[in-house]
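Undergrad: here is a sequence with its predicted model. Questions after.
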Amino acid sequence: MTGIPRGPAGLRDRLLAVVLLATVLALAATTAGFNVLLASRLDRTADEVLAARVNTELAEISVQRGRLTVPDFPRDGAVIDEPVWIFSGRRAIERPRNLSGLDREARALAGGPRRTVAVEDASARMLAVPVRAGGRQVGTIVAAVSVTPYRRTREVALVTSLLVAAALLIVVAVAARWVLTAGLRPVAWMTAQAADWSENDLDRRFDLGPPRDELTRLAATLDALLGRLAAGLRHEQRFSAELSHELRTPLSRMRAQAQLALADDLPPEQRDGWSAVLRWSDEMVDTLDALLAGARADARTRPGLADAGQAAEAVADRFRPIAAERGVRIAVHAGPAPLRAGVDPDLLEHLLQPLVDNACRYAETAVRISVTGRGGSIVYEVADDGPGVREDERERIFEPAVRGSAGTALREGTGLGLALARRLARAAGGSVEALERDDGACFAVRVPRA
């Protein structure tokens, strides 16, 4: 699926955030549990070392006449190198030579019950085991072990586990992003295709067969939506064409009657009234012609061909007399090279007419129509030096019967011209939008280039 767009960023990012949150919680729980279990195991190992040392000493000592003695060792205060203290009562008969800093803690344990204490200042752990004979305690064996290696092991394990968790989090983030992007890519592609078909080719369908999974169900849903949209559009086109055709006959009679009445010598009030009827009927005929042109464009499979500059000149010539009555000048600016638009000439002129008419209504002194070629499009810009369009109205004014705030002072106009222009532009495969300008209004029309 080369060229398929990436998955929807919003949904992908939300799913990625959920995955990362779950991963962070899992890694945090795993790391914390591992370090807690390791600390507990190291403590047990230290206790096992202490117990082994005490048991070794217990196997060697003896009790004679109610006193604790150490066989094979002198009793005149000799010392040993092992981290073990042997007390007879509260008197030390053996003590390590290299751990004099722990003597006070060891003497505090002499004569007491079996217990294990941690000496933080010396980074040591001590175990005191009473020696009993005849039902009474005759001495105490105290063993010590340095906890520095165990602490270093715990610190190294903590740092290593944090680094491993961070690396796993990065791997999961990259993998999850790739998987989510790949998983949502067909959805994004189908959405883009459906949007493009709804604008340009309503007869296209995915046709993936009966729904089997999420993607085929989405395809079936989009096919059904496109079908309903196509049916509604065909109904609207048929209705517009039939209505336009049926209305042309009574409008032609109205125009003929108005022209016949104006041929007589009438009072000024009646002449003004018949002139207004003739002008309004001409506007209605123009609107019906535009609707018919749009319907023919929708039904045509192959686009037409028009000279973009000539179309702009034709529309300008039509509105110059009306603009002159209002003191407005219309100018057309096109390049020296001819530009060809892939649109029927009638449709192109009917597309431009509502925009030029609108510009003539609002302009103070001038209307400018520029024609340029940009890539695969022909761009018309219809600008005037009137009050302009407010930012919050640039999209609303294209809705039927909606007029901008500047149009409330005008009595003429129904608010249908811009909506009709956008509809005709879409029928031609183009677009119409209001541009941001400080010196008046400007509407940009894009149509395909031939």
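TA: That came through fine.
Undergrad: can you give me the helices for the stretch 1-150 of the chain?
TA: Using DSSP state H, counting those that start in this stretch, the helices found in the stretch 1-150 of the chain span residues 9-60, 103-109, 148-200.
Undergrad: return the most buried member of these.
TA: Of all those, helix 103-109 carries the top mean neighbour count, a mean of 17, counting by mean count of other C-beta atoms under 10 Å. For glycine as for every other residue, the C-beta is placed from the backbone atoms N, C-alpha and C.
Undergrad: and it, how far out from the chain middle?
TA: Distance of helix 103-109 from its chain centroid, counting by C-alpha atoms, centre = their mean, to the nearest Å, is 67 Å.
Undergrad: relative to H333, which of the helices of the stretch 1-150 of the chain is closest?
TA: Ranking these by proximity to H333 (C-beta to C-beta) places helix 148-200 first, at 29.8 Å.
Undergrad: and that closest one, what does it pack onto?
TA: If contacts are counted by 3 or more C-beta pairs under 8 Å, 6 or more residues apart in numbering; DSSP states H and E, helix 148-200 sits against helix 9-60, helix 214-262.
Undergrad: indicate which one of these is closest to D103.
TA: Taking C-beta to C-beta, helix 9-60 is the member of these nearest to D103, at 17.0 Å.
Undergrad: from the contact counts, what lies against that closest one?
TA: strand 84-88, strand 124-133, strand 136-146, helix 148-200.
Undergrad: model confidence over that helix, on average?
TA: Taken as a whole, helix 9-60 carries a mean pLDDT of 90.
Undergrad: relative orientation of that helix and helix 148-200 in degrees?
TA: Angle, helix 9-60 to helix 148-200, by axes from the mean of the first three to the mean of the last three C-alpha atoms, to 10 degrees: 160 degrees.
Undergrad: helix 9-60 to strand 84-88, inter-axis angle?
TA: Here helix 9-60 points in a direction 40 degrees away from that of strand 84-88 (the same axes, to 10 degrees).
Undergrad: distance from helix 9-60 to the middle of the chain?
TA: Using C-alpha atoms, centre = their mean, the offset of helix 9-60 from its chain centre is 38 Å.
Undergrad: what does stretch 371-381 give?
TA: For stretch 371-381, the distance to the chain centre is 32 Å (C-alpha atoms, centre = their mean).
Undergrad: reformat the helices and strands packed on helix 148-200 as a markdown table; add distance to T69.
TA: Below are these laid out as a markdown table (distance: least, C-beta to C-beta, whole Å):
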| stretch | distance to T69 |
| --- | --- |
| helix 9-60 | 10 |
| helix 214-262 | 84 |
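Undergrad: in the protein, what secondary structure element scores lowest on mean pLDDT?
TA: Within the chain, no helix or strand scores below helix 268-299, which has a mean of 71 by mean pLDDT, DSSP states H and E.
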